[in-house]
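Student: here is the input, now give the coordinates:
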Amino acid sequence: MTKVVEQIAETAVYDDEYGDEYDVEEGNGRTSTNNNSHTSEEEEEEENASEEEKEQQQLIIEIETKYERYRDDQMNTGIIAALVGGFALTNSWEMNIYENNENENNVVSNIELSSYTLAILAVHGCTCSALVSAFLYRSVQWVERHPILVQLPWYKFLFGTASYIISVILVAWTTLQFNTVSRIITLLGGICGCSIVVYTCYIIITDAACIECEDEDDHHDEGNNEGNERKQQRRRHRAAGGSSSSASLKKKIPSSIKNKNKKKKNGFSSNIQPGVGVRF
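Tutor: Predicted structure coming up:
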């Protein structure tokens, strides 16, 4: 009977100082589930906070690289636009439209007027492109708030450059009116130059669009892979955390519980007299 009573006392449930119930034999109490739930919630909050910090850092890096790239583009566009505008202005001065108009013997043709007009438009377009590029280069946060201004210097530069090339073609056509072969050669050279510029712009625009689409697809795939990996890590972490917590609770039994166990066992067994039955 003493053995039976000792087994019952060993498997009894006692209250510790904090009011939590523990099973003496297993060393695992009701607080194990609560501790596991609290630890899992804290771990999830820490993981979410770390993920948000990583996303913010990546966003800052992307914005900084975007600013640097746009600043380099604005500087290059401004310098080239200023050079082309200077060439167009010099070309317009050499046409002498006003002197030819004052002379009664000389008649200004429509081609000469068109070439002079295009030269002046090229000066205005390239000057505007250079100034806008200079202004935008000094700013910092204009990319996200003013997306239209990002492409404005480029479009003005294209307009000014196209006007300058066409003006040069027309000037050569009027100047070489005494020789038809030279006219045709310069005209073909100007058309080939314009065609190459247009084709280059087309390739750059289409290629950039394809690269952006591929980057978005790759980024989407990477995001899905990272999400799956994080889910797997969470599951593994939860599984490892649950087992480790239960094992630690089994190993670490408070001394107060052990003392209570010994006292109650001794008191309960001392009250039992040999030969007397125990009723439960």
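
Student: so the residue nearest to residue 84 when sequence neighbours are not counted versus residue 159, what's the distance?
Tutor: Leaving aside its chain neighbours, residue 84 sits nearest to residue 126 (4.8 Å; criterion: CB to CB, 6 or more residues apart in numbering). No exception for glycine: its C-beta is placed from N, CA and C like everyone else's. For residue 126, the distance to residue 159 (CB to CB, to the nearest Å) stands at 9 Å.

Student: now do the strand or helix carrying residue 73: which elements does it pack against?
Tutor: Per DSSP states H and E, residue 73 falls inside helix 31-93. Helix 31-93 sits against helix 110-138, helix 142-145, helix 147-175, helix 180-251, with contacts defined as 3 or more CB pairs under 8 Å, 6 or more residues apart in numbering; DSSP states H and E.

Student: pLDDT of the longest one, averaged?
Tutor: Mean pLDDT, taken over the full extent of helix 180-251, equals 67.

Student: low pLDDT regions in the protein?
Tutor: Scanning the chain for pLDDT under 70 picks out 1-43, 46, 48-49, 63-64, 97-108, 137-144, 208-228, 230-280.

Student: ok, the closest residue to residue 154 other than its chain neighbours - contacts?
Tutor: What sits nearest to residue 154 in space, not counting adjacent residues and going by CB to CB, 6+ apart, is residue 77, at 6.1 Å. Listed by CB atoms under 8 Å, 6 or more residues apart in numbering, the contact set of residue 77 reads 129-130, 133, 153-154, 157.

Student: now flag whichever of these is closest to residue 93.
Tutor: residue 130 (19.1 Å; CB to CB).

Student: wait, doesn't the closest one sit right on residue 84?
Tutor: No. Using CB atoms under 8 Å, residue 130 is not in contact with residue 84; the gap is 9.1 Å.

Student: what residues are shared contacts of these two?
Tutor: With CB under 8 Å, 6+ apart as the test, residue 130 and residue 84 reach no residue in common.

Student: how far away is residue 161 from residue 168?
Tutor: 11 Å.

Student: also residue 201?
Tutor: 19 Å.

Student: the two: which has the busier surroundings?
Tutor: residue 168 (21 against 12; other CB atoms under 10 Å).

Student: residue 177 against residue 186, yeah?
Tutor: No. Applying CB under 8 Å, one finds residue 177 not in contact with residue 186, separated by 11.6 Å.

Student: neighbour count winner among these two?
Tutor: residue 186 (18 against 11).

Student: who's in contact with that one?
Tutor: Residue 186 neighbours (CB under 8 Å, 6+ apart): 169, 172-173, 176.

Student: same question, residue 124
Tutor: Neighbours of residue 124 in contact, by CB under 8 Å, 6+ apart: residue 160.

Student: please report how far residue 69 lies from residue 62.
Tutor: Counting by CB to CB - residue 69 and residue 62 are separated by 11 Å.

Student: and if you look at residue 91?
Tutor: In terms of CB to CB, residue 91 sits 43 Å off from residue 62.

Student: the more surrounded of those two?
Tutor: Ranked by neighbour count (other CB under 10 Å), residue 91 and residue 62 place residue 91 first, with 20 against 10.

Student: give me the nearest residue to the more buried one, chain neighbours excluded.
Tutor: Using CB to CB, 6+ apart, the nearest residue to residue 91 is residue 119, at 5.2 Å.

Student: and for that neighbour, the neighbour number?
Tutor: Neighbours around residue 119, by other CB under 10 Å: 26.

Student: surely it meets residue 90?
Tutor: No. Counting by CB under 8 Å, residue 119 sits too far from residue 90 to count as a contact (9.1 Å).

Student: thinking again about what came up before, and of the contacts of residue 77, the nearest to residue 111?
Tutor: Among the contacts of residue 77, and counting by CB to CB, the member closest to residue 111 is residue 157, at 25.4 Å.

Student: now residue 65: how far from residue 118?
Tutor: Taking CB to CB, one finds residue 65 at 38 Å from residue 118.

Student: neighbour count winner among these two?
Tutor: The neighbour count for residue 65 versus residue 118, taken as other CB under 10 Å, is higher for residue 118 (24 against 10).

Student: excluding chain neighbours, what is closest to residue 120?
Tutor: Going by CB to CB, 6+ apart, residue 120 has residue 92 as its nearest residue, at 5.8 Å.

Student: was I right to think the one you found contacts residue 118?
Tutor: No. Residue 92 is not in contact with residue 118 according to CB under 8 Å; the separation is 9.2 Å.
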